[in-house]
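**Student:** mind folding the following:
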Amino acid sequence: MLKKEAIQWLKYFIIILFSAFIGCILMTLAYSLPISSIEHNAKASIDFMKQEGVNPQLLGDSYVSSQIDTYTDAWMIRMAVYNGSENVLEKSLLNKYTGFSEGIADVHDGTIQYLEGRRDGAETYNYARYWHGYMVFLKPLMTLFDYADIIAIYRSVCLALTIFVCLMIVKKQHYIFAIPFVAVLICIDFWTISFSMQYMWVYMVSMIGIMLILTRKKKEDCKYVFLCIGILTSFGDFLTYPLFALGLPLTIYLIERKMKYELNGSYLNKKNYYAIWDTLYNILIWFVGYLGMWLMKWIFASLLTSENIIKDGLDALAFRTGEVTDGSDEIITFMDVIRKNVSCYLKWVDVITVVISVIIIVFIVKKRMKCERENICIVRSNIYDIVSLLIVMLLPFVWFFVSKNHSDNHFWMTFRILGVSIMAGLVLLTVWLIQNKSVSPADINNNKMAR
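**Tutor:** Just a heads-up that it's a prediction; the model follows:
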C-alpha cells in the first residue's frame, strides 16, 4: 500500500516537473517573437487605455464588484513590450519590464508614458515570482491586435466556454444543478471579468476544468484533472481569485460522483467516509499542482539566471500571508477580510439572485418528490456528501484566513472566491432536500444498462 502511494506521488512530481519544462519552452517561444509588431499594437492601444483610466468601476462607485483591473493589464502590456539585451531564456524567466521610480503615480500611467516615448527616469525591474503564462497567448495576439481587440477576443472565448459548460450540464440532465452555476456567474459579475485580461485566466481554467470533469467517464478518479487544473492556474494567474478554479470544478465533481453512485446503486458498496476522504484528497492534489508549479518557477529562474528568485518569492509569500496592510502598520483581522469581501455581494442583484435560486430549487425538488411518491426503492440519505459540500463551502474562508494581506488589499477581485461558497451552498441545499428522494428500480436498472 505504501509503495503504491509512493509511486503515485512520484507520478505527481513527474507531471509537475514536465509541466514546468513545457512552460519554460512555451514562454521562451513567446519571448522569441519580434517586439516591433507587439510594440506597434501596444502604442495603438494608448487611446483605449486613457479612455478606460485606472481600475474603473463599470457600474459606479457603489458596485465594487464591477471594478476592472486596468492597472495589472497595463503591467502585462509593458512586460510584453520589454526589449532588453538579455537572452530569450533570461527574459522569459525574469519577466522584466521598464518602469519609472518616481514622478508617476501608478503603473497604468507609467505604461502609457513609456509607450508615448518617455525614457528619462526609466529603470528595469523583474517580476519573476510568477510564471506569467498568459504571455504564451498575449504576445502572439499583440503581434496582430491591439489591447481592445484582445479584450474582445478573450471575452468571446469566455462566453463560448460558459455556453459549452451550460450545454454539457443540460446534456447530463443535471437541470436543477444548473441553477447554482448560473447564480454564481451573476454574483461574481461575469460581465466584468470579460473586460480585464488578468481576470480571465482563472475563469477560463475553471470552465475547462468543469468540462474535463463532465467528459471524464471514471468520475471516481479525477485526481489528475485536479492536479492539472492547479498547474494551469499557477502557470497563468496573477494571484487574483485562484481558489475559484478549484471550488467550481470540485463542486461539479461532487455532483457527478453522487449522481453516478446513487443511480447505479454502487454507493452503498463504498465505505461511508469515502466521500469526505475523496474530497479532501482532490483539494490536496490541486494545491500540490498549484504550489508545486509555482515553486518550479522560482527554482528554474534561480538556477538559470543570476537572480535569487526563491528568496524573492518567499519574501512576497510571507508578506501576502501576513497581517499588515500595504503601506502602513495597521493590523488586518480575519473579520476585516471577511467583511470587505462579503460587502461586494451586499447588492440587491446578488441577494435577489440567491433568493430566487433557493425558491426555484425548493419548488423543483418538492414538485419532483410529489410526482415520484409511488416509487418504492429508497436511496439511503448520506451525511457524508453533505459534509463534503460543507468542506468546499468553507474553503474560501480558509483561504482568507491564510492570505489576510492579499485578500484585504485586493478584496475587489478576491471576493469572487466566495462564489465557491455560493455554488457549494446552493448545491448543498439541493442535496439536502433530495437526499431522501425515492428512486425507482426502473431508473436504477436503466442506468446500469446505459453504462
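**Student:** switch to C-alpha atoms for all contacts and neighbour counts from now on
**Tutor:** Noted.
**Student:** let me see the contact set for the nearest residue to Ser32 once chain neighbours are set aside.
**Tutor:** Counting by C-alpha to C-alpha, 6 or more residues apart in numbering, Ser32 lies nearest to Val88, which is 6.2 Å off, once chain neighbours are set aside. Contacts were defined as C-alpha atoms under 8 Å, 6 or more residues apart in numbering; by that measure Val88 touches Thr28, Tyr31, Ser32.
**Student:** and if you look at Gly230?
**Tutor:** Remark: with contacts taken as C-alpha under 8 Å, 6+ apart, Gly230 is in contact with Ala245, Leu246, Ile285, Trp286, Phe287, Val288, Gly289, Tyr290, Leu291.
**Student:** what's the helix or strand hosting Val362 in contact with?
**Tutor:** With elements taken from DSSP states H and E, the one containing Val362 is helix 348-371. Residues from elsewhere that reach helix 348-371, judged by C-alpha under 8 Å, 6+ apart: 176, 179-180, 183, 186-187, 345, 426, 430, 433-434, 437-438.
**Student:** quick one: low-confidence parts of the stretch 101-250 of the chain?
**Tutor:** 102-105, 218-221 (pLDDT under 70).
**Student:** where exactly do the strands run in it?
**Tutor:** Shown for the stretch 101-250 of the chain, the strands assigned by DSSP state E, counting those that start in this stretch span residues 122-126.
**Student:** now do Asp205 against Pro396, distance only.
**Tutor:** Actually, residue 205 is Val. It isn't Asp. From Val205 across to Pro396, the span is 18 Å (C-alpha to C-alpha, to the nearest Å).
**Student:** same question for Phe13.
**Tutor:** On the measure of C-alpha to C-alpha, Phe13 and Pro396 end up 26 Å apart.
**Student:** more neighbours: which of these two?
**Tutor:** Here Phe13 and Pro396 are compared on neighbour count by other C-alpha atoms under 10 Å; more neighbours surround Pro396, at 24 against 16.
**Student:** from the contact counts, what lies against the host helix or strand of that one?
**Tutor:** Assessed by DSSP H and E, Pro396 sits inside helix 383-402. Judged by 3 or more C-alpha pairs under 8 Å, 6 or more residues apart in numbering; DSSP states H and E, helix 383-402 is in contact with helix 244-263, helix 274-304, helix 334-343, helix 419-434.
**Student:** would CSV of those with distance to Glu123 and mean neighbour count be doable?
**Tutor:** As requested, those are arranged in CSV below (distance: least, C-alpha to C-alpha, whole Å; neighbours: other C-alpha atoms under 10 Å):
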stretch, distance to Glu123, mean neighbour count
helix 244-263, 35, 22
helix 274-304, 21, 20
helix 334-343, 35, 18
helix 419-434, 40, 22
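**Student:** most neighbours of all the contacts of Val88, which one?
**Tutor:** For the contacts of Val88, neighbours were counted using other C-alpha under 10 Å, and Tyr31 has the most, 26 neighbours in all.
**Student:** if we can go back for a sec, closest one of the contacts of Val88 to Asp109?
**Tutor:** For Asp109, the nearest member of the contacts of Val88 is Tyr31. The distance, counting by C-alpha to C-alpha, is 24.3 Å.
**Student:** residue contacts, the closest one?
**Tutor:** The neighbourhood of Tyr31, defined by C-alpha under 8 Å, 6+ apart, consists of Val88, Lys91, Ser92, Lys139.
**Student:** now, the residues you listed that are in helices?
**Tutor:** Val88, Lys91, Ser92, Lys139 (DSSP state H).
**Student:** would CSV of those with distance to Cys228 be doable?
**Tutor:** Compiled in CSV, the ones in helices among the contacts of Tyr31 are given as follows (distance: C-alpha to C-alpha, whole Å):
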residue, distance to Cys228
Val88, 27
Lys91, 26
Ser92, 22
Lys139, 23
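**Student:** what's the closest of those residues to Thr124?
**Tutor:** Using C-alpha to C-alpha, Lys91 comes nearest to Thr124 of these, at 11.8 Å.
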